[in-house]
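In: Have a look; sequence and predicted model below, questions after that.
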Amino acid sequence: QVQLVESGGGLVQAGGSLRLSCAASGLTFSSNAMGWFRQAPGKERTFVATISWTGGGTYYADSVKGRFTISRDNAKNTVYLQMNSLQPEDTAVYYCAGRSTRWASGQTHDYDYWGQGTQVTVSS
């Protein structure tokens, strides 16, 4: 059974930083592309960042480009999202997601596995 467990969310002031982690189990992590998505209250879940199986390919939503960095440690079965220069509009529940393939994707429907989410709140 695949499990994705996010951690690292919390409350931070605007301009601050957080690092989210997602620990994966039950899959061959090094063969799976991973992604981060977020969902603000009353809004749809949207793409944030994705990373290919080796970490060689990374892609970001325009709204976070230059501020967020996705990375992975295949030895630890963990994917990270470093978030800098956080703004109130980044407030959302952040979800880790995994694909059954190696290739990164920004499409929600391309992901097969989802975590339970972690809340990120940015105060102004």
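Out: Everything's here; your move.

In: For the spatially most central residue of the chain, which non-adjacent residue is spatially closest?
Out: The geometric centre of the chain, computed from its C-alpha atoms, lies nearest to residue 36 (Cα atoms, centre = their mean), at 2.3 Å. Using Cβ to Cβ, 6 or more residues apart in numbering and skipping residues adjacent in sequence, the residue nearest residue 36 is residue 48, 4.3 Å away. Where C-beta positions appear, they are placed from N, C-alpha and C, glycine not excepted.

In: by contact count, what packs against the strand or helix carrying that neighbour?
Out: Residue 48 belongs to strand 46-51 when assigned by DSSP states H and E. If you count contacts as 3 or more Cβ pairs under 8 Å, 6 or more residues apart in numbering; DSSP states H and E, strand 46-51 packs onto strand 34-39, strand 58-60, strand 68-73, strand 78-83.

In: Apply 7 Å and report the result again.
Out: In terms of contacts (3 or more Cβ pairs under 7 Å, 6 or more residues apart in numbering; DSSP states H and E), strand 46-51 is packed against strand 34-39, strand 58-60, strand 68-73.

In: tell me the angle the last one makes with strand 46-51.
Out: Just to be clear, that refers to strand 68-73. Calculated by axes from the mean of the first three to the mean of the last three Cα atoms, to 10 degrees, strand 68-73 forms an angle of 40 degrees with strand 46-51.

In: Go ahead and name everything in contact with strand 68-73.
Out: 34, 36, 48-51, 55, 58, 60, 78-83 (Cβ atoms under 7 Å, 6 or more residues apart in numbering).

In: hmm, try it at 8 Å
Out: Residues outside strand 68-73 that contact it (Cβ atoms under 8 Å, 6 or more residues apart in numbering) are 34-36, 48-51, 55, 58, 60, 78-84.

In: Let me see the mean pLDDT of the strand holding residue 48.
Out: Strand 46-51 shows a mean pLDDT of 98 in the predicted model.
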